[in-house]
Every structure is written in C-alpha cells, then in structure tokens.
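Participant: Sequence first, predicted model second:
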Amino acid sequence: MKSEKIVLYQIFTRLYGNKNTTRKENGSLAENGCGKMNDFTPSALKKIREMGVSHIWYTGIIRHATQTDYSAYGIPRNHPAIVKGRAGSPYAITDYYDVDPDLAVDVDKRMAEFESLIERTHKAGMKVIIDFVPNHVARQYHSVCKPDGVKDLGEEDNPQNGFDPQNNFYYCPGQRFTPYFDLYHGETEPYLEEPAKATGNDCFHNAPNVNDWYETVKLNYGLDYYAGRIGHFNPIPNTWSKMTDILLFWARKGVDGFRCDMAEMVPADFWLWATDKVKFAYPDKIFIGEVYNPAEYRNYIGAGFDYLYDKVGMYDTLREVMRGNLSTHSITGAWQATDDIRDHMLYFLENHDEQRIASSFFAGDARKGIPALAVSALLQKNPLMIYAGQEYGEKGMDKEGFSGHDGRTTIFDYWSVDTLARAAARKLTAAEKGLKETYAKIINIARSEKAAVEGVSFDLMYVNGDCQRQYAFLRKAGSEALLVVANFDSAPATANITIPAHAFDYLGISEKNAQATELLSGNILKITLKRDEAVTVCVDAQGVAILKFKA
C-alpha cells in the first residue's frame, strides 16, 4: 500500500458556503444566512483538493440543538434557554441519526443531500470525516430519525437511580434542573427538567452555571462517578451498544472516519470495544480523538484511535514560539515527548476551539504561521490539520453573538467568514492570495516529496544552539533528502546550519558538493556537505527554506 500523508481540512459546514455578508450580531438564519451542503460543488471540492487536502472534516453534520424552529418538518423545537446561540452548538446533538436541517436546500431531503456530498467528495479524490460526539447530548435529545426497533437514549432509564450501569444518563433524583440563569429566555413557559440530569462537563448536580456545558447532558458508559469512577462494564452497558450502533450507521453511509469529540471523557474500555466492532466491519475507517491529557495518549491509541490531537505538546509550543515567548529549541522537546507514538499525533495550528493565528489574541499576523506550518507539515509522517480560512489569514475578530470578540470563528451563531466569502467572490487581496499559494506549496510538498511522506527525520537543533528563532531538520528517504529551515523571526535570516557527523551516519548521507533545489522558489544553489560543518541557508522573514538534494 502506497504511503500517504494525511492532510485534514476542517470545514464548519454551515459557515463555509455562506455568502451573506449581513453579519448582524445575534442574527437569525433569515437575516445572516447559512451555508449548505450543496455549496460543495465539484468545482469547489476540486480547489480544496488542489491545496493538497486528502480528507475533509465536515464539522456539524449531525442534527444539534438550535433556536431555529423546524417543527413544520417534524423536527422537535428546542427551548431557547438551553441552546447556546441562535444557531446552536454542533456539540449539543439532538438526534444522532439525523442531519442538521440548516445545511439542506430541501429539509425533507437532508439525508439524501448528505449522501450526495459524500459521493461528490469521494469523486473529488478526498475522504469524509464527520464528528462523533460521544460524551454528551443536548438536554432535549430526542431522535425522530432512529431506525425501526432502536430504543432512544434514556427511553429505558430508571431516573430514580442517580447511577445505574444500564442507564444512558446520570440523574439527580428528587431535584429539578435549576441552573444559575433564566430558564424562560423569552418563552411563556420555562424549560423544565425533573429529575435533573448531570451536565456534560462532569457536573453531577442540578445547578450548572453559565460556564458549564449547561446545554448538554452527560452520557453514562458504566462509570460510577458518585462512587469515585468505579467501572461497571460487565455486562456491557446499554450506552455502549447504542453508541456503537450509531457509529455503524454512519459508517454504512460511506463516511471514512470519525473525529471523536472529548474522547478522553469516555472510558478507553468503551473505545476498545466500539472501534473493534467498527473496524471489523469496515477496516479502513479511521478514528481521530480529541484527547488533551498526555498521560492518556497511549491508552487511547491502544483502544483503537488512529490519531490524537497534539494540543498540549506541539500546538501549545508552536503557538508560543510564534508569539516570541519560547525559543525554537522547545520544538525539539515537543516532538520528543511523543516520539514513541509520533505517527499517531495530529498536528494543527488552528481549529474551531482555538484562536485564529491572525487574530490580535494570537500572533496578529497570518504570515507568522508559515514557519510553524512548515514544521507541522514536514517534520514527521503524521497527519496535519488546516481549519478553513486559515490559508487566507482569517482573523476571527468578529463579535458574532453568543460567540464574543475572542479571536475565534463562531460555532454558535449564523455568520459568514470574511475571507471565505471573499474567496468565493474572487475578492481576496494580493497578500491573502500569496498566503494561500504558500500554504498550497508547503502542503503539496508534504504530500508529494518522498522524503516528506516516507522519510526518516533528524532534528538538527542540538548542534545549532545559536538558532533561537530558526528551526532546522533533515528528512531522507532513499537517495532523496530535504533540509528544512523555518525562520520564526520577523527579519530575514542567514542561518549557518551545522550538520553533525551523526546525521551523516544515521541517514546515510555522503560528504560532497551537491546541487540543491529550494522547493518553494525553484531556485538552484550549490551546497557543501561535510561532517560537523555548516550549510548556509538564507530564509525570508517568517518564511521557510526547503532544500532538496541527492544524498
């Protein structure tokens, strides 16, 4: 099987194709508009593919709580007191077997439109990832699209038991849901829940506050939190079977994998059981886990996850290097911390949870992300994720509604993303076009160059102590080698990069005069390769040099 570098492109589906530029704070669907699955035309998908993308993560496909009323289509209306934002959070699922009606041109045919989107994406040469949200559901979860014979979540629960291994939810018997906020939210009747269910962020009482995930309820996988997280996994908890059936339902639709939200809040025992069943039926399906605790990484990889977010390691490190708070030498420590599982770590610089690079809360300039992109894309064989708009330098500095002025692109509000809307209208600035071109070049190098796809990596920083704002490494496969120098400085750099004798021996490089091609510019230059001597590399401010040579 041919090796492939996975490049995952995250798209918040309802924002991507929305060309409505009204952008009214707290605006409704009618006022601010909404992107549709049909906006992903063959032409649009072709352009995404040309950037080097192998997988598209369509964020927010499964139906979730919203303040928009779709009751005319047989979809239960949600009480606005327990919905965050006019559009609602895609992580407050109301029906695991349904598609978000906001995304459909014809609401009654929303599942067929999603199936067509899968088909178009595959025809464009890319695979489809969707969210699986296993830890929590919307407070008013109710499936109207579940297959015949399927029991709804909570349908067979005994709510008089705070914990029961066969319940789907955790309860507060005898207590009404009484959070510290208004339960009317403009409605005639308040939201009523009695007994109260435990809230999604492990809040096991009846009064969550506004900083809790109050719009969600925690699912019960057989862990007794009231007794110190004791596991009751024999017999298999009812929730295990229901959630695995949901995974299999979407696998049958043709999705190629699942990005599993807050995977570490669900016991690894469940994942081992569920991924085994899914992969037995569909061996090529992949599982990407949102796991933030490095002490748990290996447990979840062992439980069937193909890839995990490298957030508290590589992302946090690169963020601080870009901001000038850490030396580039800290990057070495970041990859070394997960070296034994390096092929399983997903690198990224933006996603829907994090601030945009170009926002004033992060780096304030999208170009500061270029050297970090090069490191993320080229250092290892592992996957890379890009968040739609990142390639244009989206700032995320809007105050959209429930999502305030925070440097993030909203997941709660009806909105359109400035750079994406202008890209669709062909109104990008020269700088934005140039950034996109640089992204595409680096990503395609990562996907096409043998040394980047298959090669061994060698970190050069231990013999280049003077490089505090540059990061240098080698990649080699067969006779092809890459010398990569990423410059995080705001000034151009002439870096004298020492290549130690150990690198020559470890990689099998010969001492010689060589001709190198700088892959971004196409420039040809001559370099001298000698043990423990330096190669001089000129790098643009906040840029990268990628020298390819025969080893």
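Facilitator: All right, it came through fine. Residues are numbered from 1 along each chain as shown.
Participant: For the rest of this, base every contact and every neighbour count on C-alpha atoms.
Facilitator: Will do.
Participant: for the stretch 151-300 of the chain, what spans make up the strands?
Facilitator: For the stretch 151-300 of the chain, the strands defined by DSSP state E, counting those that start in this stretch occupy 171-172, 196-197, 216-218, 223-224, 230-231, 257-260, 286-289.
Participant: Now tabulate the ones you listed in CSV and tack on mean neighbour count and mean pLDDT.
Facilitator: Listed next are these as CSV, based on neighbours: other Cα atoms under 10 Å; pLDDT from 0 to 100:
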stretch, mean neighbour count, mean pLDDT
strand 171-172, 24, 98
strand 196-197, 26, 98
strand 216-218, 27, 98
strand 223-224, 19, 98
strand 230-231, 13, 98
strand 257-260, 22, 98
strand 286-289, 23, 98
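Participant: Among those, which comes closest to Arg110?
Facilitator: strand 257-260 (19.8 Å; Cα to Cα).
Participant: What does Leu474 show for phi and psi?
Facilitator: Here is the backbone geometry of Leu474 (degrees, to the nearest 10): phi -110, psi 150.
Participant: thought it was touching Ala486?
Facilitator: No. Under the criterion of Cα atoms under 8 Å, Leu474 makes no contact with Ala486, lying 11.7 Å away.
Participant: Let me have the strands of the stretch 151-300 of the chain in TSV, extended by distance to Ser116.
Facilitator: What follows is the strands of the stretch 151-300 of the chain, written out as TSV (distance: least, Cα to Cα, whole Å):
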stretch	distance to Ser116
strand 171-172	40
strand 196-197	37
strand 216-218	30
strand 223-224	39
strand 230-231	41
strand 257-260	17
strand 286-289	21
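Participant: and the longest helix belonging to the chain, how far from the chain's centre?
Facilitator: Secondary structure of the chain per DSSP state H: the longest helix is helix 430-448. On the basis of Cα atoms, centre = their mean, to the nearest Å, helix 430-448 sits 20 Å off its chain's mean C-alpha point.
Participant: And the next helix or strand past that helix?
Facilitator: helix 450-453 (DSSP states H and E).
Participant: Extract the C-alpha set from that following helix and format it as CSV.
Facilitator: What follows is helix 450-453, C-alpha atoms only, in CSV (Å, rounded to 0.1, in the frame of the first residue of the first chain):
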residue,chain,number,x,y,z
LYS,A,450,9.2,11.0,-1.0
ALA,A,451,11.5,12.3,1.8
ALA,A,452,8.5,14.1,3.4
VAL,A,453,6.0,11.3,3.0
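Participant: Tell me the helix or strand right after it.
Facilitator: Counting by DSSP H and E, what follows helix 450-453 is strand 456-459.
Participant: before we move on, back to that, mind checking which of the strands of the stretch 151-300 of the chain is nearest Pro159?
Facilitator: strand 171-172 (6.0 Å).
Participant: Name the residues that touch the closest one?
Facilitator: Pro159, Gln160, Asn161, Gly162, Phe163, Pro195, Ala196, Lys197, Ala198, Phe204, His205, Asn206 (Cα atoms under 8 Å, 6 or more residues apart in numbering).
Participant: Show me the beta-bridge partners of the closest residue to the first one other than its chain neighbours.
Facilitator: This points to Pro159. Leaving out its chain neighbours, the residue that sits closest to Pro159 by Cα to Cα, 6 or more residues apart in numbering is Tyr171, at 6.0 Å. Tyr171 has the following beta-bridge partners by DSSP bridges: Lys197.
Participant: Distance check, Tyr171 against Asp164.
Facilitator: Distance, Tyr171 to Asp164, by Cα to Cα, to the nearest Å: 9 Å.
Participant: ok, now Tyr70?
Facilitator: 34 Å.
Participant: helix/strand/coil for Arg114?
Facilitator: For residue 114 the amino acid is Phe, not Arg. Under DSSP: H, G, I helix; E, B strand; the rest coil, Phe114 falls in the helix class.
Participant: what residues are up against the residue lying closest to Asn201 once chain neighbours are set aside?
Facilitator: Distances taken as Cα to Cα, 6+ apart put Trp213 closest to Asn201, at 5.8 Å, once the chain neighbours are dropped. Contacts for Trp213 (Cα under 8 Å, 6+ apart) come out as Thr199, Gly200, Asn201.
Participant: Make JSON lines out of those and add pLDDT, distance to Lys436 and neighbour count.
Facilitator: Formatted as JSON lines, the contacts of Trp213 follow (pLDDT from 0 to 100; distance: Cα to Cα, whole Å; neighbours: other Cα atoms under 10 Å):
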{"residue": "Thr199", "pLDDT": "98", "distance to Lys436": "41", "neighbour count": "27"}
{"residue": "Gly200", "pLDDT": "98", "distance to Lys436": "38", "neighbour count": "23"}
{"residue": "Asn201", "pLDDT": "98", "distance to Lys436": "37", "neighbour count": "18"}
